[in-house]
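Participant: Sequence and predicted model, in that order:
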Amino acid sequence: MANQSVQDIIESEKVYEAGFITDVESETLPPGLDENVVRHISRQKNEPEWLTTWRLRAFKSWQSMSPPAWGHIDHPEIDFQTISYYSAPKSQLDGPKSLDEVDPELLATYEKLGIPLHEQAVLAGVVQTSDNANVAVDVVFDSVSITTTFKEKLAEAGVIFCPISEAVKKHPELVKKYLGKVIPQRDNFFAALNSAVFTDGSFVYIPKGVRCPMELSTYFRINERNTGQFERTLIIADEGSHVSYLEGCTAPMRDENQLHAAVVELVALGDAEIKYSTVQNWYPGDAEGRGGIYNFVTKRGLCAGRKAKISWTQIETGSAITWKYPSVILKGDESVGEFYSVALTNNKQQADTGTKMIHIGRDTKSTIIAKGISAGKSDSTYRGLVRVAPTASDARNFTQCDSLLIGSECGAHTFPYIESKNSSCVVEHEASTSKVSEDQLFVCQQRGIDAEKAVSIIVNGFCKDVFRELPMEFAVEAGKLLEVSLEGAVG
Amino acid sequence: MSLLSIDNLSVNVETSGEERTVLNGLKLQINPGEVHAIMGPNGSGKSTLAHVVARKPGYSIQSGVVLFKNQLLNEMEPEEVAQLGLFLGFQYPVEIPGVSNMEFLKASSDSVNKARSKEPESTTDFMKRVRSIASSLDLDQEFLKRGVNEGFSGGEKKRNEILQMLVLKPDLALLDETDSGLDIDALKTVSNGVNAFRDSSNGVLLITHYQRLLDYVVPDFVHVLSEGRIIQSGDKSLALELESKGYAWLK
């Protein structure tokens, strides 16, 4: 038949544009993990003794823990001795550099990925309207931070934005005070592993009453073969401050799976607001499920003071496996937690993602909007927990989970948990599952829109409630990325 | 040159593993400037005809040719037929949640223009044009911001089809029971839309059960479809006759 069916569309070949390899000479630790490796990483980074001890304690904990088995995901057991835990381009051995000193190969990599490292530039494809449209970027390549832009401009506002390894040296009191406080080392298997071997990641501190003058963003890139990336990000918004932060991630196409186990901790003090957006586009593997990133990530925010607000927005299109639950602990009275998520899986990708909203303070509010899109033979799971403590009088939660199925061989699953220990709270949960129907497709085609574009229009409409939450510059990018993931999916 | 020329068209459809003949040697010609109405009992193949011409998947053409503006539609993709200037107003318009009416219309118009190697209409001009057409159909501006058919009433869905037709300005509009489920005021609004659309260069094919639509949109030809073929053709008086006598006398 000449007509394209939904099935044909999703079966066409996928294009992953970020799948190239950068040819740089790297210093990479041989695979394997023991105490010496942990010490070596700490030494590489010239860390103070307290941090080395902290890492070793995490490593001990990790050794006694086992990987979580409750996820709705299926993969061969990960052999942690076959992974290299540290890799850095040789040109970066002396730490992050100013732009003029960065290896041109590395600069070219980011140019190819559309990441603006020149301070005049903005995100590819977006017209710069004013000075405010600038985005400060920290770029992390394998285990090290390459460069951070707009440092001086941010410093004028008192904002600290630097690689965490630099923060350890320059702002030890802040790092010591908050590191591991939102996500304890023993929180889970992957958090313990990260605490032992974390390499780079970003550190942000927004002083009291300061509204961060521009978007902050970190771009993570895995390049070396058999290397894991274990970044650690810590963002502290002091009283009455405001920051919007975005992270993006890509990796080359390789046949082996690579591990990414990050930890992100957010602390919002009274009246502070943190908006954290993720566009995750790690290599998803090929159509047969070969290769791709195993993405086991722990992200949690603490609304420490009254009226603090933390908002997670995530667009998850990449990775062979995604296992992440960006959560909020609503400790301060009247604090607000939000989670907006689009998780798209295609081919043989698996995503088990969602959130936890832990209500402790009175009059705390949380909103969860989760959109799962499954195509091909993929599986997408929403897993969420809303817990209301006895102290959380008049807490409110609204949850909406919608699943969209494309084709007939994929799956969508929802595991919502609600635990309420305070009778004055109101918890609402709505869920729906729908399919991109042949009828919808035909309607679009009858209006002159080809099938590929039609699927992308339908999916974008489905995700609208989440895209609305992204910073303007990134909403455009996210729409395009979704289109590529499907269009890729759509040939 | 005729707009639509169908000759000896036979079509099968497979339902639950069984092949059925739904059109059987159908012949029909529509010239520019003409309005045709197709009537007939339930299950006679009226909607099927519209679907086959628009190349909806699921129908297999056994024999015959369908020419639109002298181009053979038999093997075309549905979007190619649409881009050529053929419009199907749906009997049951489908919801596309989260995609605003305006957004959808723009995507549609841009795709058609692109296929014809024409520049897309500027967003400002386009929105102005759509707003003015919407108000002619008694649709308020909020309507354009809502998701396509999302939570629309039956009448709104049908008026939305007419809105799309007037925006896209096709050469031939097939309107599949656009009048069903409309109250008398909505029927008048929809009819006014169709009358505003018709001119000496385009054509309209009305598929309907009721002659009352034909009081408002007066057809040049009326055809009766039965068991997959046209068994009687005439002018508007045929519709009146059918109204009083039913279909049985034709067999």
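Facilitator: In hand now; what should we look at? Numbers count the residues shown, from 1 in each chain, chains lettered A, B, ... in the order given.
Participant: Show me where the chain has its helices.
Facilitator: In the absence of a named chain, chain A is used. A:6-11, A:35-44, A:49-63, A:104-113, A:151-156, A:164-170, A:172-178, A:189-197, A:438-446, A:451-462, A:464-467, A:472-490 (DSSP state H).
Participant: To clarify, I was referring to chain B.
Facilitator: Counting by DSSP H, the helices of chain B are B:46-53, B:78-84, B:101-115, B:123-136, B:141-145, B:154-168, B:184-197, B:212-216, B:236-245.
Participant: can you list the ones you listed in JSON lines and add mean pLDDT and mean neighbour count?
Facilitator: C-beta here means a position set from N, CA and C on the backbone, and glycine is covered the same way. Below are the helices of chain B laid out as JSON lines (pLDDT from 0 to 100; neighbours: other CB atoms under 10 Å in any protein chain shown):
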{"stretch": "helix B:46-53", "mean pLDDT": "94", "mean neighbour count": "23"}
{"stretch": "helix B:78-84", "mean pLDDT": "96", "mean neighbour count": "23"}
{"stretch": "helix B:101-115", "mean pLDDT": "93", "mean neighbour count": "20"}
{"stretch": "helix B:123-136", "mean pLDDT": "92", "mean neighbour count": "15"}
{"stretch": "helix B:141-145", "mean pLDDT": "89", "mean neighbour count": "14"}
{"stretch": "helix B:154-168", "mean pLDDT": "93", "mean neighbour count": "21"}
{"stretch": "helix B:184-197", "mean pLDDT": "93", "mean neighbour count": "17"}
{"stretch": "helix B:212-216", "mean pLDDT": "91", "mean neighbour count": "18"}
{"stretch": "helix B:236-245", "mean pLDDT": "88", "mean neighbour count": "15"}
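Participant: As CSV, those with distance to residue A:310 would be great.
Facilitator: Output for those, formatted as CSV (distance: least, CB to CB, whole Å):
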stretch, distance to residue A:310
helix B:46-53, 51
helix B:78-84, 44
helix B:101-115, 31
helix B:123-136, 36
helix B:141-145, 30
helix B:154-168, 40
helix B:184-197, 49
helix B:212-216, 58
helix B:236-245, 66
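Participant: Indicate which one of those is closest to residue A:81.
Facilitator: Closest to residue A:81 of the helices of chain B is helix B:101-115 (CB to CB; 51.9 Å).
Participant: So which elements touch the closest one?
Facilitator: Packing partners of helix B:101-115 (3 or more CB pairs under 8 Å, 6 or more residues apart in numbering or on different chains; DSSP states H and E): helix A:451-462, helix B:78-84, helix B:123-136, helix B:141-145, strand B:147-148, helix B:154-168.
Participant: Please state the offset of the fourth one from the chain centre?
Facilitator: Put plainly, it is helix B:141-145. The chain centre lies 23 Å from the centre of helix B:141-145; the measure is CA atoms, centre = their mean, to the nearest Å.
Participant: got a list of contacts for it?
Facilitator: B:100-102, B:130-131, B:134-135, B:156, B:160 (CB atoms under 8 Å, 6 or more residues apart in numbering or on different chains).
Participant: Also the fifth one?
Facilitator: Taking contacts as CB under 8 Å, 6+ apart, the residues outside strand B:147-148 that touch it are A:461, B:95-101, B:104, B:160.
Participant: For residue A:41, give me the pLDDT.
Facilitator: pLDDT recorded at residue A:41 is 89.
Participant: could the helices and strands packed on helix B:101-115 go into CSV alongside distance to residue A:246?
Facilitator: Formatted as CSV, the helices and strands packed on helix B:101-115 follow (distance: least, CB to CB, whole Å):
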stretch, distance to residue A:246
helix A:451-462, 19
helix B:78-84, 36
helix B:123-136, 27
helix B:141-145, 28
strand B:147-148, 28
helix B:154-168, 37
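Participant: Lowest mean pLDDT across the helices of chain A, which one is that?
Facilitator: helix A:6-11 - the lowest mean pLDDT of the helices of chain A, at a mean of 50.
Participant: how close does the residue nearest to residue A:465 when sequence neighbours are not counted sit to residue A:430?
Facilitator: Leaving out its chain neighbours, the residue that sits closest to residue A:465 by CB to CB, 6 or more residues apart in numbering or on different chains is residue A:369, at 5.3 Å. Counting by CB to CB, to the nearest Å, the gap from residue A:369 to residue A:430 is 10 Å.
Participant: now swap in residue A:262 and tell me
Facilitator: Taking CB to CB, one finds residue A:262 at 30 Å from residue A:430.
Participant: Compare neighbour counts for the two and give me the winner.
Facilitator: residue A:262 (23 against 10; other CB atoms under 10 Å in any protein chain shown).
Participant: show me what contacts the more buried one?
Facilitator: With CB under 8 Å, 6+ apart, residue A:262 has these contacts: A:194, A:201, A:220, A:229-233, A:297-299.
Participant: ok, residue A:264 touching residue A:312?
Facilitator: No. Between residue A:264 and residue A:312 there is no contact under CB atoms under 8 Å: 9.4 Å.
Participant: Which neighbours do those two have in common?
Facilitator: In contact with both residue A:264 and residue A:312: A:276, A:299, A:326, using CB under 8 Å, 6+ apart.
Participant: need the residues of the stretch 151-251 of chain B near chain A, please.
Facilitator: Contacts of the stretch 151-251 of chain B with chain A, taken as CB under 8 Å from any CB of the partner chain, map to B:164, B:168.
Participant: Indicate the residue of the stretch 151-251 of chain B located nearest to chain A.
Facilitator: residue B:164 (6.7 Å; CB to the nearest CB).
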